[in-house]
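Q: Prediction below, plus the sequence it came from.
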Amino acid sequence: MHTYRLVRVGVWIAVLSALISACAMLTGQSNDSSISDNTQMQPSVAVATQVEEVLPVETKEPVRMESNGEVPFYARFGENETFSSGEWTVIVFYRPPDCIPADFNLNQFFHFPGETGPGAFACTPPTTTSVEYWANNPQTDPAPLIAEMTGRGAVPVWFISKSEMETAVADGIVTIGELAGLPSRLVGTAATYTELLHPSQSNAQSLIQFAAEGTTEDGRSFKVDVSYGDPAVENHTTIEIQ
């Protein structure tokens, strides 16, 4: 604020000096008709340009909130949230799979609280921690500007063959029991998990990036790397199981 005030004082001094000079010119040359109105206004125009250049632009910092993994959904899976490589589809669970309601359609992705109960918030404990950045607050904004998630150390990850997944989602309804019964299902646990999300509800350019590393129930190791939406990064789903 002090710098801004000094700049304003300097500008006003320049304006006064310009006006005094203009008045002196007019006094000394009052009979000289060659001085035009445009010439008299030039100092003020120049000062106005300076004012436009030095005035600061106010910006609002996003509001940071720690949500501790309390998100209104169960898994990185839904009608527009399916990530497949040539062989596998990967599903990361933000809540334990065994507490997901048997009749919930995972294609809906979100399960908000309502008259029938607390929705996804009843399925505990969360498998990730999370930090969110909001333009204003959760009461007024449709979604955070940015969400960052980190695994708590044992994040459930399921792998299902791409062909079986395509068949399962064809009717628009996918339940946790249906996924659990698919023959190709391979269950794993991620020891490390990170995610960066720019939701489409609050960003002109959406972004989803996540990475997981861990082991499957049969003792194999896996790595998952996914990125979609960032123009600077090639869209990809990379799944390695060894």
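A: That came through fine. Remember, it's a predicted structure, so these values are computed and weren't measured experimentally. Numbering: from 1, shown residues only.

Q: mind checking pLDDT for V54?
A: For V54, the pLDDT comes out at 50.

Q: same deal with the one 10 residues further on?
A: pLDDT, the model's per-residue confidence, is 95 for R64.

Q: give me the beta-bridge partners of it?
A: For R64, the beta-bridge partners are Y133 (DSSP bridges).

Q: Can you tell me how far it is from I146?
A: 9 Å (C-beta to C-beta, to the nearest Å). Yep, even glycine has a C-beta here, placed from its N, CA and C like the rest.

Q: which ones are touching the residue positioned nearest the centre of the chain?
A: The centroid of the chain falls nearest to H198 when counting by C-alpha atoms, centre = their mean (2.1 Å). Shown in contact with H198 (C-beta atoms under 8 Å, 6 or more residues apart in numbering): 145-146, 205-208, 229.

Q: Common neighbours of R64 and I146, please.
A: Residues touching both R64 and I146 (C-beta under 8 Å, 6+ apart) are 132-133.

Q: Going through the contacts of H198, which ones are buried?
A: Among those, those buried by neighbour count (16 or more other C-beta atoms under 10 Å) are 145-146, 207-208.

Q: quick one: which of those residues is nearest to I160?
A: Within the buried ones among the contacts of H198, the smallest distance to I160 is 19.0 Å, found for I208 (C-beta to C-beta).

Q: give me the beta-bridge partners of that closest one?
A: Applying DSSP bridges, one finds that I208 bridges with L197, Y228.

Q: Tell me the predicted confidence for it.
A: 96.

Q: re the thing from before, which non-adjacent residue is nearest the residue nearest to the centre of the chain?
A: Using C-beta to C-beta, 6 or more residues apart in numbering and skipping residues adjacent in sequence, the residue nearest H198 is L207, 3.9 Å away.

Q: Against P231, how distant is the one you found?
A: 10 Å.

Q: Check A212 too.
A: Look at A212 and P231: by C-beta to C-beta, they are 24 Å apart.

Q: In terms of neighbours, single out the busier of these two.
A: Remark: of A212 and P231, A212 carries more neighbours, 24 against 8, as counted by other C-beta atoms under 10 Å.

Q: if I pick the more buried one, what's in contact with it?
A: Counting by C-beta under 8 Å, 6+ apart, A212 touches 90, 92, 151, 155, 157, 190, 192-193, 222-224.

Q: what's the answer for G229, then?
A: 198, 205-208, 235.

Q: mind checking the backbone torsions on it?
A: With angles defined as degrees, to the nearest 10, G229 sits at phi 110, psi -30.

Q: residue contacts, T127?
A: Contacts of T127 (C-beta under 8 Å, 6+ apart): 69, 93-96, 151-152, 154-156.

Q: Emit the PyMOL select command for whichever of the residues you listed are buried.
A: Entered in PyMOL, the line below selects the buried ones among these, by 16+ other C-beta under 10 Å:
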select buried, resi 69+93+94+95+151+155+156
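
Q: Can you tell me how far A135 is from V63?
A: Plainly put, A135 is 8 Å away from V63 if you go by C-beta to C-beta.

Q: ugh, wrong one, P126
A: Distance, P126 to V63, by C-beta to C-beta: 21 Å.

Q: more neighbours, those two?
A: Using other C-beta under 10 Å as the criterion, P126 and V63 rank with P126 on top: 21 against 15.

Q: Can you tell me, leaving aside adjacent residues, what's nearest to the more buried one?
A: That would be G69: by C-beta to C-beta, 6+ apart, it lies 3.0 Å from P126.
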